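[1] Predicted model follows, preceded by the sequence.
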Amino acid sequence: MAAVLCGLGAWLPPRVLANEEIAARLDTSDEWIRSRTGIAERRVADPGTSTVDMAVAAGRQALDSAGLTEVDAVVLATATPDQVCPASAPQVAARLGLGEVNAVDVNAVCSGFLYALATASGFIAGGIARRVLVIGADTFTTLVDPDDRGTVPIFGDGAGAVVLRAGDADELGALGPFALHSDGGLAELLMVPAGGAKQRRSDNPHDYFLDMHGQAVFRQAGTRMAEASRSVLEQAGWTVGDVDRFIGHQANIRILQTTAKYLGLPQDALVVNIERTGNTSAASIPLAMADAQRDGTLLAGQRVLLSAFGAGLTWGATLLRWPALANV
Ligand code: COA
């Protein structure tokens, strides 16, 4: 039994934060941000809009696209749930009117969407669910220190979602194999030190924000995404030359370009929307999927490789042949 992608949705908050606005407040420039990251602008959720709100909007669109009003499970990838406890997925399911379904959060930060796809595929393979709504949603700007020029330009908010249904491995949209990995020994490369069980309170307000070692993260990201990508290609019996589109986590355009170089993949196979979104963490891959579906970059039958890397550290990859999708 395979998990088949059959619906897609996305939602971005309306407020645009352009590089110039950041440069007016912090010691940086539009030129620096564009050339070092590929980002021109990102979206920021206003204080009245939460991760659950964004997840509901993207989830509703994915259900419409799949032509469904019911699913058996909701898997929400997020590192920014509305509350520390409980998980946000049950609130998303309730707001979508999905009844008392199986609903769970998955936290693998920027790799979260891939881990959520794998979790949902497991539900389907195990006969636990036949249709699963998988959402990646993050309000990452709430974790960014407003005074830190190293992270403010990088992150944005948003949500993206897909629907998976039980089907056959040879159908368009069938997901897998997966490669999923972690290295908790490097957790401190990207961490919010305070607010969790280990350090509940801190007198230093910066401890409640993301502490990022950008260069070390950069070095890991390309290598790890290329490794995981090679693993799934080999398991599937595909060569790099078979890949029509590479949808990588949108962290930095240079990381995507480096990963393509390591893999020997042509740069024009890269799906890139980071210029307008920044790094939206777990939302990044489904947001890139939705943009590429809408502008015709993704076509039914194309062979698509997905890969992500994030805090934890976590990373992974999977692949599929792109399905025909409606109402995206
Ligand atoms: N504007 C201007 N200068 C900046 C700056 C900014 N926004 N941010 C950092 N700098 C400065 C640094 O202070 C440093 O100055 P110095 O040489 O005087 O010390 C210089 O630019 C170079 O810094 P460096 O960190 O080497 O830059 P970089 O080319 O590695 O780019 C990142 C920085 C953050 C863009 C890059 O490391 C990156 O993208 N890392 C991965 C981050 C990421 O993807 N995180 C999420 C993973 S899911």
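    Nice, I can see it. Remember, predicted model here, so these are calculated numbers, not experimental data.
[2] Stretch 24-38 near the ligand anywhere?
    Yes - residues of stretch 24-38 contacting the ligand under CB under 6 Å from any ligand atom: 28, 32-33, 36-37. Heads up, the C-betas are built off the backbone N, CA and C, glycines and all.
[3] quick one: which of those residues sit in helices?
    Of the residues of stretch 24-38 next to the ligand, the ones assigned to helices by DSSP state H are 32-33, 36-37.
[4] Confirm His307 sits in a strand?
    Actually, residue 307 is Ser. It isn't His. Yes - assessed with DSSP: H, G, I helix; E, B strand; the rest coil, Ser307 lies in a strand.
[5] Can you name the residues that contact it?
    Neighbour list for Ser307: 114, 225, 228-229, 246-249, 259, 315-317 [criterion: CB atoms under 8 Å, 6 or more residues apart in numbering].
[6] got the residues of the stretch 201-328 of the chain near the ligand?
    Near the ligand, when you scan the stretch 201-328 of the chain using CB under 6 Å from any ligand atom, you find 212, 214-215, 217-218, 221, 251-252, 255, 279, 309-310.
[7] Can you add secondary structure and pLDDT and give these back as TSV?
    Putting these into TSV (DSSP: H, G, I helix; E, B strand; the rest coil; pLDDT from 0 to 100) gives the following:
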residue	secondary structure	pLDDT
Met212	strand	96
Gly214	helix	94
Gln215	helix	94
Val217	helix	95
Phe218	helix	95
Ala221	helix	97
Ala251	coil	97
Asn252	coil	97
Ile255	helix	97
Asn279	strand	98
Phe309	strand	98
Gly310	strand	97
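[8] Please pick the buried ones from those residues.
    212, 217, 221, 251-252, 255, 279, 309-310 (16 or more other CB atoms under 10 Å).
[9] Next one: the residue located most distally from the centre of the chain from the ligand, what distance?
    Largest separation from the mean C-alpha position in the chain: Asp203, at 32.1 Å (CA atoms, centre = their mean). According to CB to the nearest ligand atom, to the nearest Å, Asp203 and the ligand sit 26 Å apart.
[10] Mind pulling up the pLDDT for that residue?
    Listed pLDDT for Asp203 reads 96.
[11] Assign a three-state SS to it, would you?
    Per three-state DSSP, Asp203 ends up coil.
[12] thinking again about what came up before, save the residues of stretch 24-38 next to the ligand as a markdown table, and put in neighbour count too.
    Shown next, in a markdown table, are the residues of stretch 24-38 next to the ligand (neighbours: other CB atoms under 10 Å):
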| residue | neighbour count |
| --- | --- |
| Thr28 | 17 |
| Trp32 | 14 |
| Ile33 | 23 |
| Arg36 | 16 |
| Thr37 | 22 |
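[13] That'll do, ta.
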